[in-house]
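Asker: All I have is the shape, not the residue letters:
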């Protein structure tokens, strides 16, 4: 529940209205274990409008309360509380997502951005493959 209170405080700082529906989304997100999709939250909260779920998740991601992961099929998954810079390993078989702390691509990003005259403001890295469990099952 501490995560919910922190999320509410961050949203209120950003002048986002506090409503019962938004509160329900925050509570669902705070209780979720692992990564989840917006559609999973919608299914878990049938009384909350789809637009409210999507807007609340976007606000939480923008304020750094949620981490966003792009999966290979073009979808988005989220996880609470991973605000420090990190990247992801995504299993193409089961959809599991593993966070990778630390970043070894900063020099590459700076070099490529400089070559094209860009000022980098951030980057994401998702590595797609098979997790050890799925790899063992297919062997």
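Answerer: That came through fine. Keep in mind that this is a model prediction, so the values were computed, not measured.

Asker: Quick check, central residue of this structure?
Answerer: To find the centre residue of the chain, average its C-alpha atoms and take the closest one (Cα atoms, centre = their mean): that gives residue 68, at 2.2 Å.

Asker: dump the residue contacts of it.
Answerer: Listed by Cβ atoms under 8 Å, 6 or more residues apart in numbering, the contact set of residue 68 reads 61, 76, 77, 78. Where you see a C-beta, it was placed from the backbone N, CA and C, and this is true even at glycine.

Asker: Would you check which pair of those lies furthest apart?
Answerer: Spatial extent of the contacts of residue 68 (Cβ to Cβ) is set by the pair 61 and 77 at 11.1 Å.

Asker: would residue 60 count as being in a strand?
Answerer: No: Residue 60 is assigned helix when assessed by DSSP: H, G, I helix; E, B strand; the rest coil, not a strand.

Asker: per-residue pLDDT, residue 83?
Answerer: At residue 83, the pLDDT value in this model is 60.

Asker: Let me fix that, I meant to ask about residue 42.
Answerer: Among the per-residue scores, residue 42 shows a pLDDT of 96.

Asker: Can we start the residue count at 35 from this point?
Answerer: Okay, residue one is now 35; in that scheme the one you just asked about reads as residue 76.

Asker: Tell me the secondary structure at residue 141.
Answerer: Each residue gets one of three states, and residue 141 gets helix by three-state DSSP.

Asker: Okay, buried residues for the helix or strand that contains the residue nearest to the centre of the chain please.
Answerer: Element membership of residue 102 [criterion: DSSP states H and E] is strand 100-104. Buried residues in strand 100-104, counting neighbours by 16 or more other Cβ atoms under 10 Å, are found at 100, 101, 102, 103.

Asker: how much space between the third one and residue 127?
Answerer: When distances are taken as Cβ to Cβ, to the nearest Å, residue 102 and residue 127 turn out to be 22 Å apart.

Asker: what does the last one give?
Answerer: Residue 103 sits 16 Å away from residue 127 when distances are taken as Cβ to Cβ.

Asker: Contact partners for residue 70?
Answerer: The contact partners of residue 70, taken as Cβ under 8 Å, 6+ apart, are 63, 111, 112, 113.

Asker: any idea which of those residues is closest to residue 165?
Answerer: Checking the contacts of residue 70 against residue 165 with Cβ to Cβ, the nearest one is residue 111 at 14.7 Å.
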